[in-house]
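> Model the structure of this input:
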Amino acid sequence: MNTEASGGHPARRRAGGAAGPAPAGEPPAVAADRSASAAELTAAGEPPAFAGDLSAFAVQLRRMHGEIGRVIQQYAARQNLHATDVQALAAILDTPEPMTPTRLRALLGLTSGAVTACVDRLERAGHVRRVREDADRRVVHLQYVADARAAARSHFRPLADALRQAGADFDAHELAVALRFLTELNDILARIPGEPAGR
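From the prediction side, this is the model:
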């Protein structure tokens, strides 16, 4: 059986062989046929093949969603916030560039009125502040208040600790593969259309 040099685990490849090197010893013609088959399925509107146990993945992803959701609900209750407010705080925290109400609305799928109410609640509770851009005073940036950020970091530290504990038995290459999978999954999920909340 072909194994990866780093951990002795069965070689992994993306579903349908659409990316990544072909397994060692696989003839180029076989690899090309595998990629072509995946491309044909995708072109026909069918999802590519999934090499793993799809049901088991779905179960574990639902479990993870539930466990993280439980911690988020506890934080929301402790801070007297809505679950949507906590999602907004996470979006503001995770964005690599200044967050605006317009971008927040798009990220959370909220109406203009709903995002305004959300930001108002967060500002009154001392979690965020509206800051006008120097170059264009019409542009408002949402900033996470330092003290509130520290409180959130303290509450969610068990999640970070759980991540470290779960990853302790995996090497850097395996964790990179897991991160690549989760990133790809989230990117695809983000493209699923949905109705704005608060209608």
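
> Let me see the confidence value for residue 165.
Here the pLDDT value assigned to residue 165 is 96.

> Check which element follows the helix or strand hosting it along the chain.
In this structure, residue 165 sits in helix 157-167 according to DSSP states H and E. Where DSSP H and E defines the elements, the next helix or strand beyond helix 157-167 is helix 172-190.

> tell me the mean pLDDT for that following helix?
94.

> And that helix, how far out from the chain middle?
The chain centroid and the centroid of helix 172-190 are separated by 9 Å, computed with CA atoms, centre = their mean, to the nearest Å.

> Same question for stretch 50-66.
So, by CA atoms, centre = their mean, the centroid of stretch 50-66 is 15 Å from its chain's centroid.

> which other residues reach the helix holding residue 165?
For helix 157-167, contacts defined as CB atoms under 8 Å, 6 or more residues apart in numbering pick out 68, 71, 175. Placement of C-beta: from N, CA and C, glycine included.

> give the contact list for the first one.
I take that to be residue 68. So residue 68 contacts residue 159 (CB under 8 Å, 6+ apart).

> any idea where the helices of this structure begin and end?
28-43, 54-79, 83-94, 101-108, 112-124, 146-155, 157-167, 172-190 (DSSP state H).

> how about the ones you listed, which one is nearest residue 132?
helix 101-108 (12.1 Å; CB to CB).

> Now the closest one: buried residues?
101, 103, 104, 105, 107, 108 (16 or more other CB atoms under 10 Å).
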